[in-house]
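In: 3D, please:
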Amino acid sequence: MWALDKKKPFSFLLARWRGLVQACAALLTNLHLPNFLKGTLYRGAGKTVCVPGLTCYSCPGAAGACPIGAFQAVVGSSKFSFSYYITGILILLGVLLGRFICGFLCPFGWFQELLHKIPTKKLSTKRLKPLTYLKYVILVVMVFLLPVLVVNEAGMGDPFFCKYLCPQGVLEGAIPLSLVNSSIRAALGKLFSWKLCVLATVVVLSVVFYRPFCKWLCPLGAFYALFNRVSLLSMHVDESKCVSCGKCARTCPMDVDVTKTPNHSECIRCGKCVTACPTEAVRFRYAFGSGGACSKLSQKPIIEENKGE
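Out: Coordinates of the predicted model:
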């Protein structure tokens with residue numbers, strides 16, 4: 001099998017085994033599995049650290065805090081202060097990995113991909129590209145502005161995204177807890193019904209569209225997308241190997257042509273273009289420097305080999 005071929009480049013093998021990486025990341029993010037049966041939350045020191053992907057603090061198995069939820073908790077507090085700690089972590093992750101986090105490390109992204117594997121007719125999102133800007137509006141308005149500007153008598157703002165839009169809270173938090181805790185089940189009301197409808201909509205859309213929440217609604221993906229063009233982990237196309245067959249563009253589930261914009265803001269570094277390329281021209285790159293310099297370096301061994309002949 002080509003998955004075991006030692007001659008294949010690392011980029012190819014990483015892309016080939018992405019599903020395993022996603023499963024491991026989901027497990028590490030929700031490490032405290034016995035809590036799902038107990039109906040309790042982990043409240044240890046790990047909850048003071050933000051995980052890279054979208055998760056929920058109220059998930060029984062959550063090993064860390066959701067960066068979006070933690071950010072809203074700070075900006076919505078009665079004594080507003082900019083969250084330098086959380087913002088610093090997000091910027092660091094964005095610079096180091098960009099939207100590689102979306103493609104490899106986000107549990108909810110993996111959940112959507114599993115739903116998309118259900119055999120049924122699939123629809124393209126190429127004509128729906130304007131909707132990709134909606135997640136930036138959600139990031140600015142629901143994550144930052146509303147928690148700061150709309151406050152109660154105590155001067156505290158709601159975490160608007162987590163409370164009214166995030167489906168992960170229902171999937172990982174409300175549903176598991178209500179199944180084993182009768183008091184929580186009795187307290188469920190209209191807000192739960194609304195969030196359940198949001199989750200159901202995302203589930204249905206995920207079956208026919210590839211990662212609709214990631215493409216259109218996720219504020220965490222929007223934040224990481226801001227760093228995609230400058231992150232140390234990037235996509236690189238070796239022009240000396242590319243034959244312009246177009247397979248990479250046709251394969252991309254995020255509607256990106258990697259040969260034209262290898263570090264497009266919508267690219268989640270899923271690696272499907274890497275495995276689709278017949279000449280191994282597309283690869284992951286983790287380094288500083290321009291693509292042109294990298295192209296010259298990639299050609300050097302070929303030139304030296306020709307001289308030896």
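
In: And the pLDDT at L4?
Out: In this prediction, L4 carries a pLDDT score of 44.

In: Could you do the one 10 residues further on as well?
Out: On the pLDDT scale, L14 is placed at 94.

In: Confirm for me that S265 is in contact with R229.
Out: Yes: counting by CB atoms under 8 Å, S265 does reach R229; the two are 7.3 Å apart. (Glycine included, C-beta is placed from N, CA and C.)

In: Identify the residues contacting the closest residue to T87 other than its chain neighbours.
Out: Counting by CB to CB, 6 or more residues apart in numbering, T87 lies nearest to F71, which is 7.1 Å off, once chain neighbours are set aside. Contacts here follow CB atoms under 8 Å, 6 or more residues apart in numbering; on that basis F71 touches S83, I86, T87, L90, V143, F144.

In: And for A281?
Out: When contacts are counted by CB under 8 Å, 6+ apart, A281 is found next to V237, D238, E239, S240, K241, C242, V243.

In: Double-check that the residue nearest to T87 belongs to a helix.
Out: Yes: according to DSSP: H, G, I helix; E, B strand; the rest coil, the state of F71 is that of a helix.

In: Could you report the separation of it from P147?
Out: Separation of F71 from P147 (CB to CB, to the nearest Å): 9 Å.

In: Just the helices from the stretch 201-309 of the chain, written as ranges.
Out: 212-216, 219-225, 247-251, 272-276, 291-308 (DSSP state H, counting those that start in this stretch).

In: Output the contacting helices and strands for the fourth one.
Out: For helix 272-276, the packing partners by 3 or more CB pairs under 8 Å, 6 or more residues apart in numbering; DSSP states H and E come out as helix 10-16, helix 247-251, strand 282-286.

In: Kindly recompute the last result at 10 Å.
Out: Identification of packing neighbours for helix 272-276 by 3 or more CB pairs under 10 Å, 6 or more residues apart in numbering; DSSP states H and E yields helix 10-16, helix 18-29, strand 233-237, helix 247-251, strand 282-286.

In: which helices and strands sit right next to the next helix or strand after the longest one?
Out: Counting by DSSP states H and E, the next helix or strand C-terminal to helix 18-29 is helix 34-38. Packing contacts for helix 34-38, counted by 3+ CB pairs under 10 Å, 6+ apart, involve helix 175-180.

In: Now tell me what touches the helix it packs on from outside.
Out: 35-41, 58-61, 169-170, 183-188, 192, 195-196, 199 (CB atoms under 10 Å, 6 or more residues apart in numbering).

In: Run through the stretch 51-200 of the chain and note the low-pLDDT ranges.
Out: In the predicted model, the stretch 51-200 of the chain carries pLDDT under 70 at residues 76-82.
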